[in-house]
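> Structure here, sequence nowhere to be found:
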């Protein structure tokens, strides 16, 4: 399949990507990722290995689009979930190891 990453055309196949990623240790995933085999790889790492280009030259989105078209499962960056707001009573109760009593 022909795809363009960082303004350069590449002929990629699913088997070619699998072969390129064979033996590559996945870096910790902190943003977008691609599942290749049973491993989760950061999208930028996959793009760097497959295209042999510097990761600063392309976006994770370009890699995700190409990998999805080849049939790989892609994940977007997890959204930050705001921490639950704790009331002063709940915070004090947690520090004391008790639950706040709601009966009066």
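Arrived safely, thanks for sending. On a predicted model such as this, the values are computed, not experimentally measured, just so you know.
> quick one: contacts for residue 70?
1, 12, 13, 14, 17 (Cβ atoms under 8 Å, 6 or more residues apart in numbering). Any C-beta I mention is one placed from the backbone N, CA and C, and that applies to glycine too.
> Kindly recompute the last result at 6 Å.
residue 14 (Cβ atoms under 6 Å, 6 or more residues apart in numbering).
> any idea how far residue 18 is from it?
For residue 70, the distance to residue 18 under the criterion Cβ to Cβ, to the nearest Å works out to 10 Å.
> and the closest residue to residue 48 other than its chain neighbours, how many residues sit next to it?
Leaving aside its sequence neighbours, residue 48 sits nearest to residue 55 (Cβ to Cβ, 6 or more residues apart in numbering; 4.9 Å). Residues within reach of residue 55, counting by other Cβ atoms under 10 Å, total 17.
> Over to residue 22?
Residue 22 has 9 neighbours, counted by other Cβ under 10 Å.
> going forward, begin numbering at 46 instead of 1
I'll keep to 46 as the first residue from here, and by that count the last item is residue 67.
> Tell me the gap between stretch 74-83 and the middle of its chain.
The gap between the average C-alpha position of stretch 74-83 and the chain average comes to 5 Å, counting by Cα atoms, centre = their mean, to the nearest Å.
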